[in-house]
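**Student:** Just need the structure, nothing else, for what follows:
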Amino acid sequence: MLQPYRQILARPGALAFSSAGVLARMPMSMVGIGIVLMVSDLYGSYGLAGRISAVYVITHAICSPPLARLVDQRGQARVMRPAIGVTVLGLAGLIGAALVHASPWLLYAAAVVIGASIGSVGALVRARWSHALRDPRDIHTAYSLESALDELVFIVGPVLATVLATSVQPTAGLVVPMVAVTVGGLLLFAQRGTEPPSTRREPGVRRRHVMRSGGMIVLAVVFVCMGAIFGATDVATVAFAEEQGHKGAAGAILAVFAAGSMLSGIGYGARHWVSPLWRRFALGMVALAVGASLFFLVTSLAALAGVMFVAGFAIAPTLINGNGLVQDLVPKDQLTEGLTWVGTSLGFGVSFGSSISGALIDRDGSHSGFLVVVVAAVLAVLATVASLRTLRAGAEPVPPAPRAAPTTQADPSHG
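**Tutor:** Numbers count the residues shown, from 1 in each chain. Below you'll find the model as predicted:
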């Protein structure tokens, strides 16, 4: 089952840039929960913690597509090296402000700085794969690998952030992502040989915006709903674990969620599928909604871990398929921007889910947060089913058959 992964990682520079990308995107699994743990502990409010986390994620969602557009036009290293420096300053400012119990407005300001500069490392790495590979089957395997690595980050990150925040100091969960984005980012952007070429705009030539595609709009809406599932799950899990008297277990339970997704992603990527990509995406959304509905059964930490493991199996394949659809919906020279729009739509949803669930949890307890999870899952399914015709018309199927190769080669991408 691992042979397809060995083949793509044997490509020159592939293992190096993929490994550096894993380290550089550790913040995506640690900053959100790190903020929730730090603020809820130091300021005593899940509502405030959820709002600050939401500001970070919303700013990230707003600023990442323009940043990705600059990357497509000027190159990854030229744009992202200075951006990393700004991110580190923002994280240091957030930690410092919290330690002195500064006004929440300073925390909001630091969250804006972090979100505006951190970018989407996953999109950058997937763009490198699309530049390095031509066979659509290899691209499917590479995107599946990156989705599995995303989930590995979500297994390690929340556990590490929770252990540091609950056992060392409330702010300690944000120190590791600050170091990781610095080291991983510098290693990634030092590898110029695998960096996709920049595509400068010709004078007088206007590009069609990637979000003028009906299929991209559908993906954005569905990914917002998916993000709300994840954001509400994060906050509700921390609150439920605290109600059970084991707040420190929250990170491990979130890791179980990611573990289920990682295992399914590895298995999914090892097989080459012939059914239409849009159909697999829709089926994945239905499976995710069914898994999310099981949160109604949660009465203990063990039950929560079991439900999250089962529900997690639908995550990676759905994300892989959603990112894979991007390659058929946007031009190759706008691939980073297209992938970033999908990722930041997910981020918008995370912010909404964490903010809404945080407010409800402060009022009614953790189970109101799980209710947000279920409602978001239902909305995701409804949005997908209502837009199947648009997805089918906007994207070509991506089977491994030779006839699909020209379409995929023109627009390569990934979860």
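**Student:** Low-confidence regions, this structure specifically.
**Tutor:** 1, 199-208, 210-213, 333, 393-415 (pLDDT under 70).
**Student:** Which helix runs longest in it?
**Tutor:** For the chain, the helix with the greatest residue count under DSSP state H is helix 136-167.
**Student:** which parts of it are buried?
**Tutor:** Buried residues in helix 136-167, defined by neighbour count with 16 or more other CB atoms under 10 Å: 136-162, 164-166. (C-beta placed from N, C-alpha, C; glycine too.)
**Student:** Mind listing what's buried along the following helix or strand past it?
**Tutor:** As assigned by DSSP states H and E, the chain's next helix or strand after helix 136-167 is helix 175-189. For helix 175-189, a neighbour-count test (16+ other CB under 10 Å) marks 175-178, 180-182, 184-189 as buried.
**Student:** Toward the C-terminus, what is the element adjacent to helix 175-189?
**Tutor:** helix 214-243.
**Student:** Figure out the helix or strand that the residue most central in space within the chain lives in.
**Tutor:** With distances taken as CA atoms, centre = their mean, Gly343 lies nearest the centre of the chain, 5.7 Å away. Assigned by DSSP H and E, Gly343 falls within helix 335-364.
**Student:** Ala255 too?
**Tutor:** Using DSSP H and E, the element containing Ala255 is helix 250-269.
**Student:** how many neighbours does Ala305 have?
**Tutor:** By other CB atoms under 10 Å, the residues close to Ala305 number 20.
**Student:** pretty sure it contacts Val256?
**Tutor:** Yes: the pair Ala305 / Val256 is scored as a contact, 4.8 Å apart, by CB atoms under 8 Å.
**Student:** Tell me the secondary structure at the closest residue to Leu388 other than its chain neighbours.
**Tutor:** Nearest in space to Leu388, with sequence neighbours left out and distances taken as CB to CB, 6 or more residues apart in numbering, is Ala282 at 6.0 Å. Look at Ala282: counting by DSSP: H, G, I helix; E, B strand; the rest coil, its state is helix.
**Student:** I'd assumed Ile253 was in contact with Leu304.
**Tutor:** Yes: contact criterion CB under 8 Å: Leu304 and Ile253 qualify, at 5.8 Å.
**Student:** Quickly list what's touching both of those two.
**Tutor:** Shared contacts of Leu304 and Ile253 (CB atoms under 8 Å, 6 or more residues apart in numbering): Thr237.
**Student:** Tabulate the CA atom coordinates of the host helix or strand of Ile33 in CSV.
**Tutor:** Element membership for Ile33, per DSSP H and E: helix 27-43. Provided in CSV are the C-alpha atoms of helix 27-43 (Å, rounded to 0.1, in the frame of the first residue of the first chain):
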residue,chain,number,x,y,z
PRO,A,27,0.9,26.3,13.6
MET,A,28,-2.3,25.4,11.8
SER,A,29,-3.0,22.8,14.4
MET,A,30,-1.6,24.6,17.4
VAL,A,31,-2.3,28.3,17.2
GLY,A,32,-6.1,28.0,17.4
ILE,A,33,-6.3,25.6,20.4
GLY,A,34,-3.3,27.4,21.9
ILE,A,35,-5.2,30.6,22.0
VAL,A,36,-8.3,28.9,23.4
LEU,A,37,-6.3,27.2,26.2
MET,A,38,-4.3,30.3,27.0
VAL,A,39,-7.1,32.8,27.0
SER,A,40,-9.6,30.6,28.8
ASP,A,41,-7.1,30.0,31.5
LEU,A,42,-5.7,33.5,32.0
TYR,A,43,-9.0,35.4,31.3
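**Student:** Check which element follows that helix along the chain.
**Tutor:** Next along from helix 27-43, by DSSP H and E: helix 46-74.
**Student:** Does that following helix pack against any helices or strands, and if so which?
**Tutor:** Helix 46-74 sits against helix 27-43, helix 76-99, helix 104-117, helix 214-243, helix 335-364, with contacts defined as 3 or more CB pairs under 8 Å, 6 or more residues apart in numbering; DSSP states H and E.
**Student:** ok, and the closest non-adjacent residue to Ala24?
**Tutor:** Gly184 (3.1 Å).
**Student:** now do Ala252
**Tutor:** Val159 (5.5 Å).
**Student:** Just name whatever secondary elements the helix holding Gly343 is in contact with.
**Tutor:** Contacts defined by 3+ CB pairs under 8 Å, 6+ apart place helix 335-364 against helix 27-43, helix 46-74, helix 121-132, helix 214-243, helix 315-329, helix 366-386.
**Student:** tilt between the longest one and helix 315-329?
**Tutor:** So the one you mean is helix 214-243. 160 degrees (axes from the mean of the first three to the mean of the last three CA atoms, to 10 degrees).
**Student:** Could I get the buried residue list for helix 214-243?
**Tutor:** Buried residues in helix 214-243, defined by neighbour count with 16+ other CB under 10 Å: 215-242.
**Student:** Please apply the same query to stretch 68-78.
**Tutor:** 68-73, 75-77.
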